[in-house]
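K.L.:
After the sequence you'll find the predicted model.
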Amino acid sequence: MLVAGLLAGAAAARSGDTTKPVVFPILGATHYVDDFGAPRAGGPHQGIDILAAKKSLALAAEAGKVKFWTTSASAGCMLYLYGASGTSYYYIHLNNDLTRRNDDRGKCVAGTAYATGLKDGAKVAAGQPIGFVGDSGDAEGGHAHLHFEVHPGGGKAVDGYPYLQTAQHLLFAAPKGKPFTLELDGTVMQPAALTLRLKVSTVHAWPMGQRQTRLRRPLLLNVPDTAIVQSTNGSSTRKTTILSARKGQTIKVWTMPATATLKTERGDDLSLNAALVLLKTP
């Protein structure tokens, strides 16, 4: 039993087990596999390569302090995030291009590699934009991606895949306290008198201008009495109630203006209030 317990503990350590989910480090569509430990020219791969569109926002996995690192030819534009939990995260191959092309005309500075206005040594909140995905360093000319490393206690890298699999994906990213409104497209899952559960496929965040598609994300909203609910068939629109919504019906929702918090960025249950609901009928 003692041996079994030790083996179980070792397995948990290898998996990079964490008790608190982190924020997924990129906003928007991504693709990744568990390539930790894969053979590389410089030795076993120490992180997870997360493919994303160039200049996608890189987000703080947790609250902490950032440090810019710009002197590694292989890492290119790099950022350390020293998390409040004691875990350190490495963000490698951040953007160094001024255009969407591979022009190499940018530098490892705020606004190009690091988030606009971010300063070296700054304290950041969980989910705060801290950089832009790119192909700097020895990733030059390849598909833009974030090499993401996890170092519990500031020690050796562990497999970040379990962290990413349980991470919290944000609907949008904004400085805490910034006013916002969301435009949501999706389908009805479950209507009620004062709430609505929908499956979101697309989200537009204003005034940030952020857009995510193909989400298939369940979301539970408040629908207060003040919300306007309408039904449209394309040629006419009439007033209705949320209880007239049918499961699977196409829907568009505009949320009430609010201020950004981690709960609203994540889209926690009932953290968002509907201002206008448009039910689409054939």
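P.N.:
Received, thanks.
K.L.:
going forward, measure contacts and count neighbours with C-alpha atoms only.
P.N.:
OK.
K.L.:
can you map out the helices along the stretch 1-150 of the chain?
P.N.:
2-14 (DSSP state H, counting those that start in this stretch).
K.L.:
Where does pLDDT dip in it?
P.N.:
Residue ranges of the stretch 1-150 of the chain with pLDDT under 70: 1-19.
K.L.:
any chance you could map the strands in it?
P.N.:
Taking DSSP state E, counting those that start in this stretch as the test, the strands found in the stretch 1-150 of the chain are 30-31, 48-52, 57-59, 64-72, 76-83, 88-94, 123-124, 129-132, 145-151.
K.L.:
Among those strands, which comes closest to A245?
P.N.:
strand 30-31 (32.3 Å; CA to CA).
K.L.:
Paired strands for that closest one, with orientation please.
P.N.:
Partners of strand 30-31 in the sheet, by DSSP bridges, are strand 48-52 (antiparallel).
K.L.:
hang on, isn't R100 packed against K54?
P.N.:
Yes: counting by CA atoms under 8 Å, K54 is a contact partner of R100 at 6.8 Å.
K.L.:
who has more neighbours, those two?
P.N.:
Neighbour count, other CA atoms under 10 Å: between R100 and K54, K54 has more, with 21 against 11.
K.L.:
The more buried one: what's it in contact with?
P.N.:
Shown in contact with K54 (CA atoms under 8 Å, 6 or more residues apart in numbering): N95, R100, F132, V133, G134, D135, A144, H145.
K.L.:
How about the backbone phi and psi for D185?
P.N.:
In terms of degrees, to the nearest 10, the main-chain angles of D185 are phi -120, psi 140.
K.L.:
can you pull the contacts of the nearest residue to it once chain neighbours are set aside?
P.N.:
Leaving aside its sequence neighbours, D185 sits nearest to K252 (CA to CA, 6 or more residues apart in numbering; 4.6 Å). Residues near K252 by CA under 8 Å, 6+ apart: E183, L184, D185, G186, V277, L278, L279.
K.L.:
any idea how far K252 lies from I130?
P.N.:
Using CA to CA, to the nearest Å, K252 is found at 31 Å from I130.
K.L.:
what does V253 give?
P.N.:
29 Å.
K.L.:
same question, T226
P.N.:
37 Å.
K.L.:
quick one on the thing from earlier: please identify which of V253 and I130 sits among more neighbours.
P.N.:
Comparing V253 with I130 by other CA under 10 Å, the one with more neighbours is I130, at 28 against 23.
K.L.:
Hmm, K55 and that one touching each other?
P.N.:
No: counting by CA under 8 Å, I130 stays clear of K55, with 11.6 Å between them.
K.L.:
what's the neighbour count on G28?
P.N.:
Applying other CA under 10 Å, we find 21 residues neighbouring G28.
K.L.:
The residue nearest to it when sequence neighbours are not counted: what's it in contact with?
P.N.:
Leaving aside its chain neighbours, G28 sits nearest to Q212 (5.6 Å; criterion: CA to CA, 6+ apart). By CA under 8 Å, 6+ apart, Q212 lies in contact with G28, A29, L171, T202, V203, H204.
K.L.:
so which two of those residues are the farthest from each other?
P.N.:
A29 and H204 (13.8 Å).
K.L.:
partners of the helix or strand harbouring V188 in the sheet?
P.N.:
If you go by DSSP states H and E, V188 is part of strand 179-191. Partners of strand 179-191 in the sheet, by DSSP bridges, are strand 195-206 (antiparallel), strand 250-255 (antiparallel), strand 258-259 (antiparallel).
K.L.:
what's in contact with the longest one?
P.N.:
Among residues not part of strand 195-206, those counted as contacts by CA under 8 Å, 6+ apart are 171-172, 180-191, 210-224, 242.
K.L.:
List the buried residues for stretch 104-117?
P.N.:
Neighbour-count burial for stretch 104-117 flags K107, C108, V109, A110, G111, T112, A113, Y114, A115 (criterion: 16 or more other CA atoms under 10 Å).
K.L.:
er, stretch 188-202 actually
P.N.:
Those would be V188, M189, Q190, P191, T195, L196, R197, L198, K199, V200, S201, T202, for stretch 188-202 by 16+ other CA under 10 Å.
K.L.:
what number of residues lie near K239?
P.N.:
Counted with other CA under 10 Å, K239 comes out at 10.
K.L.:
so what's it scoring on pLDDT?
P.N.:
According to the prediction, K239 has pLDDT 95.
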